[in-house]
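*Asks:* Sequence and predicted structure are below.
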Amino acid sequence: MTTHATAAAESVEQLAKRTFAELHQSIVAQEAGSLAGDVEAIHDMRVTIRRLRVALSNFAVCAPKEDRKRLREQLENLADALGGVRDLDVMIAALKSQLLNRSNEERAAISALIRRLRDRRRLRLRALINYLRGEEYAGFKREFFSESTSADSSESATERLGIPYSVIEEEHGQAA
Amino acid sequence: MAKPLKIKKVSPDDGVDKAAVRVLRTRTKEFYAHWPDPDTAPTLEQLHDLRISGKRLRYSAENLRELYPDRLALLIDLLKRFQDLTGDIQDCVTQREMIEKDLARLRRRNPHSGQIAALEKIISEYGQRQSMMFAQFHEIWRGMTLSEFRESLKAMTSRVKKRAPDRGAEGVEPSLRLVASAGSFAVDQAGDETGAETIVYVHDGHV
């Protein structure tokens, strides 16, 4: 955990790269849970995407325009795929909580609606899984420090993004 | 959805303290831009933009909180509750729309289904809940748009916290104290400040 003293001594660029790297890592950490359809993992991944989008606009000065544009598009598409499932999770949970204190007819209607929403969730989860197994998400995972830690990488994220994002490299004294 | 305001006059080599002030000032300005006058009725789009800007301000404050030890805790807490309430209102809107679509489909496929009346009742309940939550939120927003509240917010985020001075010494830190009573939205937290406080009591929309 960074202390106040070290945080205050940082430059904007250092704070930006640390923030980007941490949030990127948090997003990727939810991948397995999201692939398994876990409600919390999908929610956490989506929230962290929002945080990264905010960080990208707050520290826009630290990343070239074309990189920001590419990242924004990747994040938007991932957020859409996650949001499709998440909206249904919220709705299903809300409807389940309404089952109590209802007449038999209302309970039957709500249960039937929940079944229809679950069917729809299965389709949307399939779309999310396809996205997470696709090229664009693979590219997203290579952003920031992930690619630069790979031994066979010919071009580091640092070079591609124009700023020394790699926390890992820097911690080992190899940063540009 | 409204785009985030650009953070101006910050360069990569600047110290984070300068950037932090600019980021929070810009995000606060953006937050207040969507529904400036709480006496007018907002559109759904204004409410949506306000909710999104509230998130941007909260996430920015959380990202920068280590530069303002303890000082942003109340703001973050307040924004979390704000987000919960506006999120619940948004959920009502989207869920109601979803049920309406489902109901339309059901009417086409099975016009005599016994589920139709039940779904109509649920839709009407969503409407009532949305109105109730909006009334609650409206009172809170009135409190948050008071000039005293906004001034203390500005003072709180206008500079990062320096090394702690002795108690009673110069350089006292501004803080925010808000007591809002509107349903479940109640905050009462003073923080750890060493000096003067700006105290705003928001009670049913009155200071």
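*Replies:* In hand now; what should we look at? Numbers count the residues shown, from 1 in each chain, chains lettered A, B, ... in the order given.
*Asks:* ok, for residue A:26, nearest residue in space, not its chain neighbours?
*Replies:* In space, and not counting its chain neighbours, residue A:26 is closest to residue A:48: 4.6 Å by Cβ to Cβ, 6 or more residues apart in numbering or on different chains. C-betas here are computed from N, CA, C, even on glycine.
*Asks:* chain center to the helix or strand harbouring the one you found: distance?
*Replies:* Using DSSP states H and E, residue A:48 sits in helix A:39-58. Relative to the mean C-alpha coordinate of its chain, helix A:39-58 is positioned 5 Å out (Cα atoms, centre = their mean, to the nearest Å).
*Asks:* mean confidence score for it?
*Replies:* Taken as a whole, helix A:39-58 has a mean pLDDT of 98.
*Asks:* Check the offset of the longest helix belonging to chain A from the chain's centre.
*Replies:* Ranked by residue count, the top helix of chain A under DSSP state H comes out as helix A:65-97. Its chain's C-alpha centre and that of helix A:65-97 lie 9 Å apart, by Cα atoms, centre = their mean.
*Asks:* Buried residues, the helix or strand following it. List them.
*Replies:* Following helix A:65-97 in sequence order, the next helix or strand is helix A:104-132 (DSSP H and E). Within helix A:104-132, the residues scored as buried using 16 or more other Cβ atoms under 10 Å in any protein chain shown are A:106, A:109-110, A:112-114, A:117, A:120-121, A:124-125, A:128-129, A:131-132.
*Asks:* Show me what helix A:104-132 is packed against.
*Replies:* If contacts are counted by 3 or more Cβ pairs under 8 Å, 6 or more residues apart in numbering or on different chains; DSSP states H and E, helix A:104-132 sits against helix A:31-35, helix A:65-97, helix B:73-109, helix B:115-144.
*Asks:* Spell out which parts of chain A neighbour chain B.
*Replies:* By Cβ under 8 Å from any Cβ of the partner chain, the residues of chain A that approach chain B are A:2-4, A:7-16, A:19, A:50-51, A:54-55, A:57-62, A:87, A:90-91, A:94, A:98, A:103, A:105-106, A:108-110, A:112-113, A:116-117, A:163.
*Asks:* Filter those down to the buried ones, ChimeraX style.
*Replies:* Buried members of these, identified by 16+ other Cβ under 10 Å, are gathered into one ChimeraX selection as follows:
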select /A:7,8,10,11,12,13,14,15,16,19,50,51,54,55,57,58,59,60,61,62,87,90,91,106,109,110,112,113,117,163
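*Asks:* quick one: low-confidence parts of the chain?
*Replies:* I went with chain A, as the question did not name one. Applying pLDDT under 70 to chain A picks out residues A:1-8, A:145-176.
*Asks:* wait, I meant chain B there
*Replies:* Applying pLDDT under 70 to chain B flags the ranges B:161-207.
*Asks:* Report back the residue of it that's furthest from centre.
*Replies:* For chain B, the largest distance from the centre (Cα atoms, centre = their mean) belongs to residue B:112, which lies 44.4 Å off.
*Asks:* how about it, phi and psi?
*Replies:* When read as degrees, to the nearest 10, the backbone of residue B:112 gives phi -100, psi 20.
*Asks:* what's the closest non-adjacent residue to residue A:132?
*Replies:* In space, and not counting its chain neighbours, residue A:132 is closest to residue A:35: 5.7 Å by Cβ to Cβ, 6+ apart.
*Asks:* My read is that that neighbour contacts residue A:126, right?
*Replies:* No. Applying Cβ atoms under 8 Å, one finds residue A:35 not in contact with residue A:126, separated by 11.1 Å.
*Asks:* Close to chain A: what parts of chain B are there?
*Replies:* Within chain B, the positions lying close to chain A (Cβ under 8 Å from any Cβ) are B:4, B:6-7, B:10-19, B:23, B:27, B:55-56, B:59-60, B:62-63, B:66-67, B:69, B:91, B:94-95, B:98-99, B:102, B:114-115, B:117-119, B:121-122, B:160-161.
*Asks:* from memory residue A:63 sits against residue A:56, does it?
*Replies:* Yes. Residue A:63 lies in contact with residue A:56 (Cβ under 8 Å); the separation is 6.9 Å.
*Asks:* Good, we can wrap up now.
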